[in-house]
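> can't give you the sequence, but here's the structure:
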């Protein structure tokens, strides 16, 4: 389509940012599958790239974590040369992932990058996969917050958590801990314990969609930072979130559609 | 699997709640495709059921809107008879959709419903599809709010919007308008205009993923309720959301990963 009426050498380049979902191939959409098939070059953080089967004639360009902008720039420069380039992202590329980094690079980059066709292919983001595994904890109003202070001051995060609690949102935490920030999740739980009842359910969803998946539900009063690692998405319920016990099966955690009518 | 070692007549039933994504089949995950293929009976709101190809030997049970609990109960009763039943949902079943209704029905229903195998298959929810079509407006902390006051008082919604604005969240609005509630989206914009700069971009994403898709971006100062209908998901940026103009292409709207550093 982008190639119509042009010689192959001068065709317009294209960058497609593809959400792979949280883990196994079953989470891929048909659109993502098709976009991977069309790419001449695939860029991505190493573990995401490893999930993509190799294809003949398709080059692969792995890069390390924390190199989002450089990775985006390399992929855009490659596409500007006329190639069909894919950037793979875990989960959904628009949620704490590569889509914003790519657009940031376009904004700061040479004018020709703005002429490129850019397509973003949505994916199943981690919080939706974790929620599905334990019920419907995000079944009513909710928010998604990155706990990483690499890109914003911790004070901003603290204030955001307090407002989110006052608003009555269930909350999903991305990037809950890292080696450089082992104590922040405990600090976040301490703040929330000041704002919310101790019984609010907290879900730790680790490696959801992968063979080593683990789901753990504890009351906020007992939630501790060491229960999460870098592969964990944490969901904190609202005061209206409920637990439905089931004999011989894991409990279902859900936030009712009806609210605010005490 | 649920059938192993049992006579067919006494096998355990199963209810699978399946997210179809926002529209066309390309948004379906492999997991959702497989789950649809295994079902003996498919329940759902009429327009969602119409998206599912008919299969020989599979019964179909359409129902009207606003009948979530009755639909959930009928599907659970059917599964409790030993069948493999699917409930289809637009978008992601866990986001303002059928998963919470099903669990609510289990909580209120007969004890045997708690013995059922219940699986929730995540899907691409509307806000992620809309975000992908215009850039990455949900690229940093955000919230999702239903503007319907069928299930909560309007005062709760108002207060939630104010806290969300104070928190600095980008916001996605589900159920922004209905015939019974034509004025609430304007009321929501009025509240947000008191809390946020007039330049904050507002995205109206209508029928995303369908042939009649339409995306419109206007500043909050000019946003009006009549720009949305029941098929629209509205995204309101945060004060940090940016617009990248592109010659000959639609602008890209994104919320930078970095924030809070004025």
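The structure has been received and is ready for your questions. Being a predicted model, the structure only gives us computed values, none of them experimental.
> quick one: secondary structure of the closest residue to residue A:224 other than its chain neighbours?
Excluding the flanking residues, the one nearest residue A:224 by Cβ to Cβ, 6 or more residues apart in numbering or on different chains is residue A:186, at 6.6 Å. In short, each C-beta sits where N, CA and C put it, glycine included. Under DSSP: H, G, I helix; E, B strand; the rest coil, residue A:186 falls in the helix class.
> who does residue A:252 form a beta bridge with?
Applying DSSP bridges to residue A:252 gives these bridge partners: residue A:244.
> pull the number of nearby residues for the residue nearest to residue A:224.
Residues near residue A:186, counting by other Cβ atoms under 10 Å in any protein chain shown, number 15.
> same question, the one 5 residues further on
Around residue A:191 there are 17 other residues, counting by other Cβ under 10 Å.
> quick one: contacts for it?
By Cβ atoms under 8 Å, 6 or more residues apart in numbering or on different chains, the contact set of residue A:191 is A:158, A:161, A:162, A:165.
> from these, list just the buried residues.
Buried residues within the contacts of residue A:191, counting neighbours by 16 or more other Cβ atoms under 10 Å in any protein chain shown: A:161, A:162, A:165.
> is it true that the first one touches residue A:192?
Yes. Counting by Cβ atoms under 8 Å, residue A:161 touches residue A:192, with 6.2 Å between them.
> does the residue nearest to residue A:224 touch residue A:234 like I think?
No. Here residue A:186 does not reach residue A:234: they are 11.7 Å apart, not a contact under Cβ under 8 Å.
> gap between residue A:182 and residue A:228?
10 Å (Cβ to Cβ, to the nearest Å).
> looking at those two, which is more packed in?
The neighbour count for residue A:182 versus residue A:228, taken as other Cβ under 10 Å, is higher for residue A:228 (22 against 11).
> quick one: the strands in the stretch 51-200 of chain A?
In the stretch 51-200 of chain A, the segments counted as strands under DSSP state E, counting those that start in this stretch are A:59-63, A:84-89, A:117-121, A:135-136, A:142-146, A:170-174.
> give me the neighbour count for the closest residue to residue A:227 other than its chain neighbours.
Distances taken as Cβ to Cβ, 6+ apart put residue A:204 closest to residue A:227, at 4.9 Å, once the chain neighbours are dropped. Neighbourhood size, residue A:204 [other Cβ under 10 Å]: 23.
> wasn't residue A:204 part of a helix?
No. According to three-state DSSP, residue A:204 belongs to no helix; its state is strand.
> who are the contact partners of it?
Counting by Cβ under 8 Å, 6+ apart, residue A:204 touches A:214, A:215, A:216, A:217, A:218, A:227, A:228, A:232, A:234.
> pick out the least confidently modelled helix or strand of chain A, by mean pLDDT.
Here the helix or strand of chain A ranked lowest by mean pLDDT, DSSP states H and E is helix A:46-49, holding a mean of 94.
> buried residues, that helix. List them.
A:48, A:49.
> which residue ranges of chain A form helices?
A:30-38, A:46-49, A:68-80, A:98-108, A:126-134, A:154-167, A:184-195 (DSSP state H).
> looking at these, spot the one closest to residue B:144.
Nearest to residue B:144 among the helices of chain A is helix A:126-134; the distance by Cβ to Cβ comes to 10.3 Å.
> the closest one packs against which elements?
strand A:170-174, strand A:201-206, strand A:214-219, strand A:232-236, strand A:249-254, strand B:117-121 (3 or more Cβ pairs under 8 Å, 6 or more residues apart in numbering or on different chains; DSSP states H and E).
> closest one to residue B:245 among the ones you listed?
Distance to residue B:245, taken as Cβ to Cβ, is lowest for strand A:170-174 among the helices and strands packed on helix A:126-134, at 29.4 Å.
> give the pairing partners of that closest one; include direction for each.
Counting by DSSP bridges, strand A:170-174 is paired with strand A:142-146 (parallel), strand A:232-236 (antiparallel).
> for residue A:130, what are its contacts?
Counted by Cβ under 8 Å, 6+ apart, residue A:130 has contacts A:172, A:203, A:205, A:208, A:215, A:233, A:235.
> ok so, going back, want to throw the helices and strands packed on helix A:126-134 into CSV with mean pLDDT?
What follows is the helices and strands packed on helix A:126-134, written out as CSV (pLDDT from 0 to 100):
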stretch, mean pLDDT
strand A:170-174, 98
strand A:201-206, 97
strand A:214-219, 97
strand A:232-236, 97
strand A:249-254, 97
strand B:117-121, 98
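> among those, which is nearest residue B:136?
Nearest to residue B:136, of all the helices and strands packed on helix A:126-134, is strand A:170-174, at 14.3 Å by Cβ to Cβ.
> give me the contact list for the closest one.
Residues contacting strand A:170-174 (Cβ under 8 Å, 6+ apart): A:95-96, A:126-127, A:130-131, A:137-138, A:140-148, A:161, A:164-165, A:185, A:188, A:233-238, A:241, A:255.
> if we use 6 Å, what do you get?
For strand A:170-174, contacts defined as Cβ atoms under 6 Å, 6 or more residues apart in numbering or on different chains pick out A:96, A:127, A:137-138, A:142-147, A:164, A:234-238, A:255.
> so what are the domain limits for chain A?
A:8-124, A:127-254 (automatic domain parsing).
> any chance of the buried ones among the contacts of residue A:191 in CSV, with distance to chain B too?
Listed next are these as CSV, based on distance: Cβ to the nearest Cβ, whole Å:
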residue, distance to chain B
A:161, 9
A:162, 8
A:165, 9
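> for the strands paired with strand A:170-174, give me TSV that also has mean neighbour count and distance to residue A:21.
Output for the strands paired with strand A:170-174, formatted as TSV (neighbours: other Cβ atoms under 10 Å in any protein chain shown; distance: least, Cβ to Cβ, whole Å):
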stretch	mean neighbour count	distance to residue A:21
strand A:142-146	26	16
strand A:232-236	26	13
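> quick one: the ones you listed as JSON lines, columns for distance to residue A:70 too.
Compiled in JSON lines, these are given as follows (distance: least, Cβ to Cβ, whole Å):
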{"stretch": "strand A:142-146", "distance to residue A:70": "20"}
{"stretch": "strand A:232-236", "distance to residue A:70": "26"}
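> and of those strands, who's closest to residue B:87?
Short answer: strand A:142-146, nearest of these by Cβ to Cβ, at 21.3 Å.
> the inter-axis angle of that closest one versus helix A:154-167?
Angle, strand A:142-146 to helix A:154-167, by axes from the mean of the first three to the mean of the last three Cα atoms, to 10 degrees: 170 degrees.
> ok, residues contacting strand A:142-146?
Contacting residues not belonging to strand A:142-146 are listed as A:96, A:164, A:169-175, B:141-144, B:169 [Cβ under 6 Å, 6+ apart].
> now the two most distant members of these.
The farthest-apart pair in these, when distances are taken by Cβ to Cβ, is A:175 and B:144, at 19.0 Å.
> distance of the residue lying closest to residue A:165 once chain neighbours are set aside relative to residue B:171?
Using Cβ to Cβ, 6+ apart and skipping the chain neighbours, the partner closest in space to residue A:165 is residue A:195 (3.6 Å). As for residue A:195, its distance to residue B:171 is 20 Å (criterion: Cβ to Cβ).
> neighbour count for the two, which is higher?
A side-by-side neighbour count of residue A:195 and residue B:171, using other Cβ under 10 Å, places residue B:171 first with 28 against 15.
> report the beta-bridge partners for the more buried one.
residue B:143, residue B:236.
> can you check the one 10 residues further on too?
According to DSSP bridges, the partner residues bridging residue B:181 are residue B:178.
> can you read off the pLDDT for it?
Note on residue B:181: pLDDT of 78.
> so what's the residue count around it?
By other Cβ under 10 Å, the residues close to residue B:181 number 17.
> could you find the closest non-adjacent residue to whichever residue of the stretch 101-250 of chain A sits closest to chain B?
Distance from chain B to each residue of the stretch 101-250 of chain A (Cβ to the nearest Cβ) is smallest for residue A:139, at 3.0 Å. Distance criterion Cβ to Cβ, 6+ apart; nearest residue to residue A:139, sequence neighbours excluded, is residue B:100 at 3.0 Å.
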